[in-house]
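K.L.:
here's my sequence, what's the structure:
(chains A and B)
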Protein chains: 2
Amino acid sequence: MGENDDSDIIEHHVEEEMEKKGARSYAASSSFLESVSPSEREGHSSTQSSHRLLAYSDALISIIATVMILPVAHTKVEDNEELRESLQGLLTTKIGVYLMTFLIVTVAWAAHIRLFQVVVRIDDCLALLNLACMMLITFLPYTFSLMATFPENILGILLFCGCVMVIGVIQSVIVLYAFSRPFLLNEQIQISENQTFYKHHILKVIMKVPIMCFFASIFSFIFFQLSYVLLAIVIFLPYISQCLKWCRSKAIGQVEETPDSMLFYTYLPNEPLSKERVEAFSDGVYAIVATLLILDICEDNVPDPTVVQKQFGGSLTAALRVYGPEYLAYFGSFATVGLLWFVHHSLFLHVTKATRFMGLLNTFSLAFVGGLPLAYQLTHEFPPNSHNELEAIQISCVIIFFAGIFQLAIWVVALYSEQETLHPYVRYGGREHVLMLAKLALYPCIALGTFFLTCILSKFSAPIFHLMEITVPFAFLVLRILVRLGLALLRLLFCPDRPDRRIVIEEEADETRVPFNALVT
Amino acid sequence: MGENDDSDIIEHHVEEEMEKKGARSYAASSSFLESVSPSEREGHSSTQSSHRLLAYSDALISIIATVMILPVAHTKVEDNEELRESLQGLLTTKIGVYLMTFLIVTVAWAAHIRLFQVVVRIDDCLALLNLACMMLITFLPYTFSLMATFPENILGILLFCGCVMVIGVIQSVIVLYAFSRPFLLNEQIQISENQTFYKHHILKVIMKVPIMCFFASIFSFIFFQLSYVLLAIVIFLPYISQCLKWCRSKAIGQVEETPDSMLFYTYLPNEPLSKERVEAFSDGVYAIVATLLILDICEDNVPDPTVVQKQFGGSLTAALRVYGPEYLAYFGSFATVGLLWFVHHSLFLHVTKATRFMGLLNTFSLAFVGGLPLAYQLTHEFPPNSHNELEAIQISCVIIFFAGIFQLAIWVVALYSEQETLHPYVRYGGREHVLMLAKLALYPCIALGTFFLTCILSKFSAPIFHLMEITVPFAFLVLRILVRLGLALLRLLFCPDRPDRRIVIEEEADETRVPFNALVT
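P.N.:
Got it, this is the predicted structure:
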């Protein structure tokens, strides 16, 4: 996109300080005006910390990102049909729509993060503009599902492009408004002399997407296939080209310019991403996914009194027993999603700086988490010991495996630049390094184990799966002890003669035992 | 309940400081271990800030609180039937269940806040226990809706009591665990010498509810009406008795003991409530309610390609035109909920301390907000100019009015003890006082005006309602200017000879223009 050339100019070697200030003003929701200089404080009583606005936006976007799983979840799979066939039908349309929507919404979310890393304070006007922007973002999944259902009808493209264009215009208005009131801006831009340059650069990046969409909507009247190509380019190319560039530079061994450089509006994989917002967005997705099944249960599984009287002779217990599998699916999916959240929480507690690439991996992990309730629901919809049941259980294992493995990937990526991104405790040789590895590896390992066990002992697939569901929470409870035992066992097996290495490790770890706040503040 | 006597003993006259510390450690999510003293920091590397755990819990609870609106929203109102009749049918069961569930879940949420105001740091074990607790809380709405559908069947009572008892046991385990590791506790308790007393007091309050539920479940076998009475007592009586006590003391003019007293586990209306958690919970509810309609649209309103081919001659535009009213309802409800969130956000930006009574009013406001999408959906389901349409519009106005008026009530209550609870800007005579009043009064006034206009000009009810929807966002945009104009006009009308009072007010305001952070830190 030739964009890297522009953005390379916008570098600051004071990123660490900036990040801290950003994080502090973000966290200190109750002390607005904090980082406005005293002279300005008097004049602009109406400026506010953007913390809560962003939290609300994150909540909205996380709901919208997961919403397209509902049409998938509510597709009834017939008993007499083979699961494989019906799943192929699903896969081609609804699951595809879900994954694409998830990706598009997270792209919009990333743009929103980028914007509000520049505009760090808001006033009433910006809050209202942001709400308008949110309203259009929440409409995107619908336009996208129209596009997917009627690929040859241009109405879907037009609606989608229309939404994106209006979002672009609103974001530009936000930027122009914020630059006309510099006290709303990031402190780094506020004190810079190049404000006009920043403004033009940011506007150029923001307007690129709406302009491409404008052309796409015009081309849709002439040759609609071209529109899809344009849309694909606009969404994916910046990321792909930048990732390739980054990988190449890593492979050749070319040294990065400066690890501490602050880049506004680039698509580099190591561009910093607000950790708070990644957490807030993930929390939203996990919370909605965890409760997806109870929503259905509350709505559909309260039997009608007349039905209970007629069909079950007035016995509510008998009537509810029919729903047994659904309750089991609910508790199973809630526990799994809850524990995946717990792993995510443990990981991000030790992440000091999130990068765009880590955000991308997090998105993939969340996209799989979104499919979990569906998979769990499938496991209980088929007669015991049927071929369908086995496949449903294996699909659940695959989904859990990928959700877990992408979480592990976040940590692995973070380890590559551990000095910047990780707390000393979980770096190589840190005192919690092995525990963190165990936490992150537990679900992928167990999912893989269950998958192969059900392949071999296909007769007992359901009991194996349920046993897995029940043991995993307890495994997490005693994980710390298990890890210690495992380490002791390894020592005993491989080097029984050497002195107890744990003491050495602990001493090494002592050096890295820097208090957390000393690192952040 | 005779509880006040116990809890009055547990008072601290250092609450202001405590609050600050609590707020800071809560907000500083990235700096765990911050407020642990250095000597302790070494020993307990596994303790974590509870910030994100609480945010996730808030997200889960807010989803669960609003979930019972779905059965209400999905009840189809027949066109030929009178709205009044069908609504009466709805009102007696589903709306009742929704409101009661909302109340019960918020009671559970308040208990959760209370618990984690005592336990301010967590470790892995507490995080997992909390997740188990959350799983049971999310199951409460279902048991409650069983109770409502089958009031004479004891299964609902047993399930509900069972859940509540297990929640109580888990909370007790959390308290015992935290007291066995005092570095997890609130600093005030940590340094206190009466730890055992605190522990017993808190356990006594927590276990009261499960024990009552235990009796309720036993009585259900003998005389089930008594169980309901017991449950009602356990949920409402503490609040009612304390409110009455508080009102009486206010009415008689008896001076409160000390306004700055810190009270753990009391039900006094002025007991402090974590402002961050009230905001997080409200954000969750507003976000879900705002997107409720788009969930339905995404799932139901993508027409089938074959239907489009057959019924509309392949014209997607014609097929989508049928759904027009639904889109309108979505945008209308999103805008209204978004603006109500905006008002809430503006209000809580200037609230320095939230109390239990303000939390209760907030709950009422949120319960009405939850009904908004339903009301908006109704406005478009009937033929134009029908009696049903008029009633649906009037119901929408009533719901908006109550949602707004309870927000205003929060501010009025806060004004009663403005020194503690409000930022100087919005106190009597503060520079933003009138603007805040205008913001909070705008929706109730407009809803009331629309209501009476539709009563008089019933022919034009739909245009009036849509005009209202369109003008309100712009009214919020220019509200600051409108307020200035209004004040100038008032001055001109009532005291044209006096000197410009605005200058006097501004000068007065200058005294109260304390920087926000000076007040909080």
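K.L.:
my understanding was that A:Gln117 contacts A:Gln188; is that so?
P.N.:
No: between A:Gln117 and A:Gln188 there is no contact under Cβ atoms under 8 Å: 10.2 Å. Quick note: C-beta positions are derived from backbone N, CA and C, even for glycine.
K.L.:
tell me where the stretch 301-450 of chain A has strands.
P.N.:
A:354-355 (DSSP state E, counting those that start in this stretch).
K.L.:
interface residues of it facing chain B?
P.N.:
Contact residues (Cβ under 8 Å from any Cβ of the partner chain) of the stretch 301-450 of chain A with chain B: A:301-303, A:305, A:308, A:316-317, A:320, A:331, A:334-335, A:338-339, A:341-342, A:345-346, A:348-349, A:352, A:425, A:431-432.
K.L.:
select only the buried ones of the residues you listed in ChimeraX?
P.N.:
To isolate the buried ones among those in ChimeraX, judged by 16 or more other Cβ atoms under 10 Å in any protein chain shown, type:
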select /A:301,302,303,305,308,316,320,331,334,335,338,339,341,342,345,346,348,349,352,425,431,432
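K.L.:
residues touching the closest residue to A:Phe102 other than its chain neighbours, list them.
P.N.:
Among residues not flanking A:Phe102 along the chain, A:Ala367 sits closest, at 4.7 Å (Cβ to Cβ, 6 or more residues apart in numbering or on different chains). For A:Ala367, the contacting residues are A:98-99, A:102-103, by Cβ atoms under 8 Å, 6 or more residues apart in numbering or on different chains.
K.L.:
which among these gets closest to A:Met135?
P.N.:
Closest approach to A:Met135 among the contacts of A:Ala367 (Cβ to Cβ): A:Phe102, at 19.5 Å.
K.L.:
A:Val337 is in contact with A:Val289, isn't it?
P.N.:
Yes: between A:Val337 and A:Val289 there is a contact under Cβ under 8 Å: 5.2 Å.
K.L.:
returning to that earlier point: what's the closest of the contacts of A:Ala367 to chain B?
P.N.:
A:Tyr98 (10.4 Å; Cβ to the nearest Cβ).
K.L.:
which element, helix or strand, includes that closest one?
P.N.:
Element membership for A:Tyr98 (DSSP states H and E) is helix A:96-118.
K.L.:
same for that helix, what does it pack against?
P.N.:
helix A:51-67, helix A:69-73, helix A:124-149, helix A:154-180, helix A:195-222, helix A:224-252, helix A:356-379 (3 or more Cβ pairs under 8 Å, 6 or more residues apart in numbering or on different chains; DSSP states H and E).
K.L.:
nearest to B:Phe452, of those helices?
P.N.:
Comparing the helices and strands packed on helix A:96-118 under Cβ to Cβ, the one sitting nearest is helix A:124-149, at 27.2 Å.
K.L.:
what average pLDDT does the closest one get?
P.N.:
Helix A:124-149 carries an average pLDDT of 88.
K.L.:
where does chain A dip in pLDDT?
P.N.:
Applying pLDDT under 70 to chain A flags the ranges A:1-46, A:75-92, A:238, A:253-269, A:496-521.
K.L.:
center of it, which residue is that?
P.N.:
A:Thr363 (3.5 Å; Cα atoms, centre = their mean).
K.L.:
and the nearest residue to that one once chain neighbours are set aside, how many neighbours?
P.N.:
Using Cβ to Cβ, 6+ apart and skipping residues adjacent in sequence, the residue nearest A:Thr363 is A:Thr106, 4.7 Å away. By other Cβ atoms under 10 Å in any protein chain shown, the residues close to A:Thr106 number 22.
K.L.:
list the contacts of A:Phe221.
P.N.:
A:Ile154.
K.L.:
ignore the last one, A:Phe150
P.N.:
A:156, B:305, B:308, B:316.
K.L.:
ok, 6 Å please
P.N.:
The contact partners of A:Phe150, taken as Cβ atoms under 6 Å, 6 or more residues apart in numbering or on different chains, are A:156, B:316.
K.L.:
next up, phi/psi of it, please.
P.N.:
Phi and psi for A:Phe150, reported as degrees, to the nearest 10, are phi -120, psi 70.
K.L.:
how far away is it from A:Ile157?
P.N.:
10 Å (Cβ to Cβ, to the nearest Å).
K.L.:
which neighbours do the two have in common?
P.N.:
Counting by Cβ under 6 Å, 6+ apart, nothing touches both A:Phe150 and A:Ile157.
K.L.:
show me what counts as buried in stretch A:173-186.
P.N.:
So, applying 16+ other Cβ under 10 Å, buried residues of stretch A:173-186: A:174-175, A:178-179, A:181, A:183-186.
K.L.:
dump the helices and strands packed on helix A:96-118 to JSON lines, plus distance to B:Leu128.
P.N.:
Formatted as JSON lines, the helices and strands packed on helix A:96-118 follow (distance: least, Cβ to Cβ, whole Å):
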{"stretch": "helix A:51-67", "distance to B:Leu128": "23"}
{"stretch": "helix A:69-73", "distance to B:Leu128": "26"}
{"stretch": "helix A:124-149", "distance to B:Leu128": "33"}
{"stretch": "helix A:154-180", "distance to B:Leu128": "40"}
{"stretch": "helix A:195-222", "distance to B:Leu128": "43"}
{"stretch": "helix A:224-252", "distance to B:Leu128": "36"}
{"stretch": "helix A:356-379", "distance to B:Leu128": "18"}
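K.L.:
burial count for A:His200?
P.N.:
Neighbour number of A:His200 under other Cβ under 10 Å is 13.
K.L.:
contacts only, for whichever residue of the stretch 251-400 of chain A sits closest to chain B.
P.N.:
Nearest to chain B, among the residues of the stretch 251-400 of chain A, is A:Ala287, at 3.6 Å (Cβ to the nearest Cβ). Contact partners of A:Ala287, counting by Cβ under 6 Å, 6+ apart, are B:59-60.
K.L.:
how near is it to B:Tyr443?
P.N.:
28 Å.
K.L.:
same deal with A:Phe144?
P.N.:
A:Phe144 is 33 Å from B:Tyr443, by Cβ to Cβ.
K.L.:
cool, and A:Phe465?
P.N.:
51 Å.
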